[in-house]
Each structure stands twice: as structure tokens, then as C-alpha cells.
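Trainee: How does the following fold in three dimensions:
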Amino acid sequence: MKKYISIIAVLSLFVIGCSEQSSINSPVDNVNTAEPNWITLPQPDGMQINTDLTVCKSINGAVGGTLETGTSYVATARTSSLASVRVTVKAKIVFSPGAFVGKKSITMTVSDQNTSVLFGPSMQFSSQVVYNVTYTGLDLTGIDASMIDFAYLAADGSVQIAVHNGITVDQLTGTLSVSNAVIPHFSRYGFINKAGQTIFDPNSF
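Mentor: Numbering: from 1, shown residues only. Now for the predicted structure:
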């Protein structure tokens, strides 16, 4: 039986040679962490099979640069009135000049299970690094929109809300997006449901 791969990756910025740093380590290694309640992705429709999407690119820290990707797949309909729904994601990380020393093979892995992304290798930054991402076609039924935010795993293993310019939550279209989320270090970042979790939120001050 044929299996149809649903992921159609936009890899225009993919650069061969990232295997040198294929091991993705974050500052939370060897620390007991409480996994955040990530917003999940809808199940693929039919015989489709999703896999994590990984892209990488060599970036000169003194100059700065960008790494971006996008993907889509057909998912099981959220309601009986819909035959199916297409889930999409477009993600982009931007490094300002002087973000780090030397050249690094930067890796971005978009999860096939939830709305999170894992960056590597393990590193912190001397100037601003920001991340923008938009998901559509999500099933946000039953989730309090005011409880949705964009967070990351901090170096001490805690869950913290990222500093950002704002998020968009549209439950009708299943859209989640974050604008210019600041990336202080590489770890796992993504949209979470804050309900029932102890989370530090710098945006509340």
C-alpha cells in the first residue's frame, strides 16, 4: 500500500553541509523540565504521514541573516460540515549583525506533533534574534484564547513566555501567529495553553 507523504517543504534556503552540527542541544540539557502544554496540530487525513521538518543554513554572525521554511498538509476536518482542512506553517528566524561570533550552521526543526520549533546548536546571542511564525488550519476548539501565548524552555528548565510584539489568535480560521518573538538562546519555542501552568511572563510587567 502506498503511503503519501504530506509534508511539502519550502527549502529555498536549505544549505547542504549542516551535518557537522546535526546534534541539537539546548541550554536545558541535564535539567529536569516540565514540558509545556503545547498547542497540538490536527491529525493528518487518511494515509498521510507527517514528519518533523528540519532546515539549516550557514550564517555569519557578524553579518547576520535569516533562515525560513514553510510546509502544509491536509488534515482531518474540524467539523462534519468540512470535507478536510489544510494546515499550513510559515516560519522565519532573523539574526541581526553581531548576534554571534564566526559562522554557524543554524538548524530549525518544526514539530509534526505540535506548534513548537527546536533551534540548534546550543548558543546565546550578543544582539537581537527574532522569530516570526504563522499557523493556519488549527483546531482551537475549547481553548480559551486569552490563555494562548508563545513560550520557550528557559536555561533553568522553567517555562517562560517569550518577549514579543504580539500574537494573533483566530479560532474561526485556526490561525496562530507571533510577531518578532525575541530568542535569547536556542531551545524549544512554541504556542502553549497557559491554563493550569506556572509560567513567568515578562510581557505582564
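
Trainee: Report pLDDT for residue 19.
Mentor: What the model reports for residue 19 is a pLDDT of 46.

Trainee: One more: residue 198?
Mentor: 71.

Trainee: please begin residue numbering at 55 from this point
Mentor: All set: I'll call the first residue 55, so the last point we hit is now residue 252.

Trainee: and the closest residue to it other than its chain neighbours, how many neighbours?
Mentor: Nearest residue to residue 252, sequence neighbours excluded (C-beta to C-beta, 6 or more residues apart in numbering): residue 213, at 7.8 Å. Quick note: C-beta positions are derived from backbone N, CA and C, even for glycine. Per other C-beta atoms under 10 Å, the neighbour tally for residue 213 reads 19.

Trainee: again, but for residue 181
Mentor: Residue 181 sits with 12 neighbouring residues when counted by other C-beta under 10 Å.

Trainee: go on, residue 252?
Mentor: 8.

Trainee: Could you pull up the mean pLDDT of the strand or helix carrying residue 204?
Mentor: Applying DSSP states H and E as the criterion places residue 204 in strand 202-207. Mean pLDDT, computed over strand 202-207, is 96.

Trainee: now that strand, how far from the centre of its chain.
Mentor: Here the centre of strand 202-207 is set off from its chain's centre by 10 Å, with C-alpha atoms, centre = their mean, to the nearest Å.

Trainee: Which secondary structure elements does it sit against?
Mentor: Judged by 3 or more C-beta pairs under 8 Å, 6 or more residues apart in numbering; DSSP states H and E, strand 202-207 is in contact with strand 213-215, strand 221-224, strand 229-236, strand 242-247.

Trainee: Neighbouring strands of that strand in the sheet, and parallel or not?
Mentor: Strand 202-207 pairs in its sheet with strand 213-215 (antiparallel), strand 242-247 (antiparallel), by DSSP bridges.

Trainee: I'd like to check which residues are in contact with residue 145.
Mentor: 122, 123, 124, 162, 164, 171, 185, 186, 187 (C-beta atoms under 8 Å, 6 or more residues apart in numbering).

Trainee: neighbours of the second one, just the number please.
Mentor: Close neighbours of residue 123, defined as other C-beta under 10 Å, add up to 25.

Trainee: per-residue pLDDT, it?
Mentor: 96.

Trainee: For it, list each beta-bridge partner.
Mentor: The partner residues for residue 123, given DSSP bridges, come to residue 145.

Trainee: And the last one, by the same measure?
Mentor: The partner list for residue 187 in beta bridges (DSSP bridges) reads residue 145, residue 232.

Trainee: Same question for the fifth one.
Mentor: Each beta-bridge partner of residue 164 is listed here, defined by DSSP bridges: residue 107, residue 171.

Trainee: neighbours of it, just the number please.
Mentor: 24.

Trainee: hey, where'd the strands end up in the protein?
Mentor: Here the chain has its strands, by DSSP state E, at 107-114, 119-129, 139-149, 157-164, 170-174, 183-190, 202-207, 213-215, 221-224, 229-236, 242-247.
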